[in-house]
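*Asks:* Quick one, structure for this:
(one chain, ligands or ions: 1)
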Amino acid sequence: MTNRQDGLAQALDTEQRTVSWLYGLLDDARQRAQVTLREVYSRGGGSLTRQARVEREVLAGEQSRRLAQLNAVERGLCFGRVDDGAGRSTYIGRVGLRDQAHESVLIDWRAPAARPFYVATATDPGGLVRRRHLHLKGRLVVGIDDEVFDLEGMSEGDRGSLVGEAALLAALRRGRTGRMGDVVATIQTEQDRVIRASLQGALVVQGGPGTGKTVAALHRAAYLLYTHRATLERRGVLVVGPNAMFLRYIGQVLPALGETQVVMTTVGEMFPGVVAVAADGPAAAVVKGDSRMAEVVAGAVELRQRAPEGELVVELDGLRLRVPHTTCVRLRDRARAVRLPHNMARKLYVTELLKELAKAEARALEESLHIEDLDVDEPELTEPLDLESDLDELDLELASRRLWGEPEVRRAVDDLWPELTPRTLVSELLASPEALWSVAPPGLAWKELVRPVDAEWTVGDVPLLDEAAELLGEDDSARRVAARQAGEELAERELYAWEVLESTGVAGAGIFDRADVLAERHADDGAGLTTADRAAADRTWAYGHVIVDEAQELSPMAWRMVMRRVPAKSLTVVGDVAQTGSAAGAGSWAEVLDPFLKDRWREERLLVNYRTPVEIMRVASDVLAAYAPGQEPPESVREGEAEPRAVRMPLSGLPGLVDAELAEIGEGRLGVLVPDGRHAEVARLLPEGDLDAPVVVLTVGRAKGLEFDAVVVVDPAGILGQSPRGGQDLYVAVTRATRRLTVVHEGDLPPVLSRLAEKSTT
Ligand SMILES: Nc1ncnc2c1ncn2[C@@H]1O[C@H](COP(=O)(O)OP(=O)(O)OP(=O)(O)O)[C@@H](O)[C@H]1O
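*Replies:* Okay, the predicted model is just below:
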């Protein structure tokens, strides 16, 4: 055996002993949590006092969370070790563990003590002499790799045990599974800066394709929940992604990090009750996403607060109730002036109008009873009647109530100031050229918006629905009364909760050290519902932090909606303005964020591409230079196994080509990326597949944020021509591959891909 092999064998042996011991501690911790949980649940149910029940719930909640977390960290429990100059070693893992003497023996990757593992560099080692990555298969240590910062600072024995190849490259070389995995073991320094940035304020993470923006943002969510548990458990964290497929692609990262309490959604699902997936054409998308649409929606609401052309006339039981035009206008203006949402202001309007109708009724009655019409001789009946001025407040109220029961009156009121839902308002607005014409500000191409009243909801409609909901409001007076009562109960529960925290000694131990958090969890109405459940169902929920991925795709109107969800403006905005595909998306971050945040946002840039090999990135850079000349492509860390190529052939040849590519990548995944208009045609030629299948056919929009071992881009000219941002779409398409890229074309290859022409096969 050579010295080097000797050193490796010894190092593996040493690390195996440590790792086995750590797994032993993990098993012990699990067992303790299980025993406690069983014990807690076996305590008598109905016979317990209220305090004992709350206490039981506290402990059960703590233990089941702990158990879920301990179960989530089985794979790759410990992945790193750092040695300092004083001979101390610290092990880093997915979770923190203590030994029997309560000494911390495994540091949670999110804890401040783990930071040196991620930030040490050769030029700035921060006191470390070595960083070691451990590769585990199950519970076995199968590999080690070392980065030495100070060879002189290491002992003779340690020097002999230096081993390994770069951990990052090993991680990157693994075949894709169709799902994103976590990267706790190999987070890079520039990503670590993003992950551990302060919770306050808005952070923009700008970076080219494959720079780890998504993965860093998800690790940031886990880090923030660990570091600010009390605030974020209570208010929740929201992740907004571009589409459902993307959410499925990233869906396993946070659970693998032990976090399950994050709400994930798309713009199309942010209005409860609507799931919009359809997209508008580019022209309609631009208009719908324009921030001036806020004025259009506001105008549409005002249009529904009418005064009649002349006087208001309601026929009731043979009487004509007349309210003068000027009175109608005055009532409408007064109701508008209170600046309440439409449906709430309606109450005021209805009250006032009913009083006017009651007076009108008195006048009509008086006219109908006019003495001249009566054939009587009684002198007191010849006195002129003045029913209207005889009405006092009580009479008016009683008369109003009676009139409100009359269908004719209700119809008249509904015509002038109807109760509206966001869906009715928006669908009727978009179906009415007259309404659009009258409320659109000059220069807005409103004609692009016109469509049938029963058209399917598009993603671009959702911010309009949200805007409408803000302006219409719900009549929530009943809910507010209930909330006031609930508030009183909550105060009572908080008192209990404090007593419980004190008596159980849990106070100060983390998540349950806030009586209000605890009390809220045990509110009778929300029992069993987590913050995430409640937040996801509530349009007006204010999140503690919001992460927006592929954020360049959001329109100004979509940003208005997102900003409403996070009043504290604690945001992570992740994206690449060079990849904007939506016609209504962002050209620059300042353009979309300044209106909400002025200059109160900061930007971190990620510059290294961990996905796309150098050879493919050269092709992508040509596309970028042509269509987004101001943008720098990121630098690739990997080399590809094959030169990217172009193949001229009819589409009927695709199945053969796909089979050949699949044979090249073995266990990996292949993505066939097509122009929007050719999806059905290509999908028919190939086996149907979802993310986990070996082959999936996707439009470029759907492939955003995803990656595959091999990518076949079909009809690049079609992709370029499909929208004003077709160039960006092609850039996205060619940067999805981790290993192999083939471009299939029937006609001429677009000049921007001329680099491939030399290798073109016909
Ligand atoms: N530190 C890392 N260690 C291991 N793998 C990494 C690391 N950083 C990124 N990767 C991998 O690189 C790939 C690209 O990452 P990610 O999808 O987060 O990039 P992105 O910047 O969001 O790309 P895009 O803009 O194309 O959506 C993923 O497979 C991710 O797991």
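*Asks:* Every contact and neighbour count from this point should use C-alpha atoms.
*Replies:* Will do.
*Asks:* For the stretch 601-750 of the chain, which segments count as strands?
*Replies:* 601-606, 608-609, 635-636, 645-648, 670-674, 695-699, 708-714, 737-745 (DSSP state E, counting those that start in this stretch).
*Asks:* just the angle between the longest one and strand 670-674, please?
*Replies:* Yep, that's strand 737-745 we're talking about. Strand 737-745 and strand 670-674 are oriented at 40 degrees to each other (axes from the mean of the first three to the mean of the last three C-alpha atoms, to 10 degrees).
*Asks:* quick one: strand 737-745 near the ligand?
*Replies:* No: applying C-alpha under 6 Å from any ligand atom, one finds strand 737-745 separated from the ligand by no less than 8.2 Å.
*Asks:* And for the second one?
*Replies:* No: contact between strand 608-609 and the ligand is absent, the nearest approach being 7.1 Å (criterion: C-alpha under 6 Å from any ligand atom).
*Asks:* quick one: which helix or strand includes Thr265?
*Replies:* Thr265 belongs to strand 262-266 when elements are defined using DSSP states H and E.
*Asks:* and the following helix or strand past that strand, what does it pack onto?
*Replies:* Following strand 262-266 in sequence order, the next helix or strand is helix 282-289 (DSSP H and E). With contacts defined as 3 or more C-alpha pairs under 8 Å, 6 or more residues apart in numbering; DSSP states H and E, helix 282-289 has these neighbours: helix 556-564.
*Asks:* what lines up beside the helix or strand following the helix it packs on in the sheet?
*Replies:* Note on helix 556-564: by DSSP H and E, the next helix or strand toward the C-terminus is strand 571-575. According to DSSP bridges, strand 571-575 has the following sheet partners: strand 202-207 (parallel), strand 545-548 (parallel).
*Asks:* Highest mean neighbour count out of these?
*Replies:* Neighbour counts (mean count of other C-alpha atoms under 10 Å) averaged over each of the strands paired with strand 571-575 peak at strand 545-548, with a mean of 27.
*Asks:* With only the CA atoms kept, save it in CSV.
*Replies:* Taking C-alpha atoms only, strand 545-548 is exported to CSV below (Å, rounded to 0.1, in the frame of the first residue of the first chain):
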residue,chain,number,x,y,z
HIS,A,545,-40.8,37.0,4.7
VAL,A,546,-41.5,36.4,1.0
ILE,A,547,-39.1,34.8,-1.5
VAL,A,548,-39.9,35.4,-5.2
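*Asks:* Could I get the average pLDDT for that strand?
*Replies:* Average pLDDT, strand 545-548: 97.
*Asks:* That strand and the ligand, any residue contact?
*Replies:* No: if you take C-alpha under 6 Å from any ligand atom as the test, strand 545-548 misses the ligand, and the best it gets is 11.4 Å.
*Asks:* what's in contact with that strand?
*Replies:* For strand 545-548, contacts defined as C-alpha atoms under 8 Å, 6 or more residues apart in numbering pick out 199, 217, 221, 232, 235-241, 565-566, 569-574.
*Asks:* Likewise for stretch 412-425?
*Replies:* Residues from elsewhere that reach stretch 412-425, judged by C-alpha under 8 Å, 6+ apart: 300-301, 304-308, 314, 342-343, 346, 349-350, 353, 465-466, 468-469, 472.
*Asks:* Run through the bridge partners of the residue lying closest to Val262 once chain neighbours are set aside.
*Replies:* Spatial nearest neighbour of Val262, excluding adjacent residues (C-alpha to C-alpha, 6 or more residues apart in numbering): Val237 at 5.3 Å. For Val237, the beta-bridge partners are Val262, His545 (DSSP bridges).
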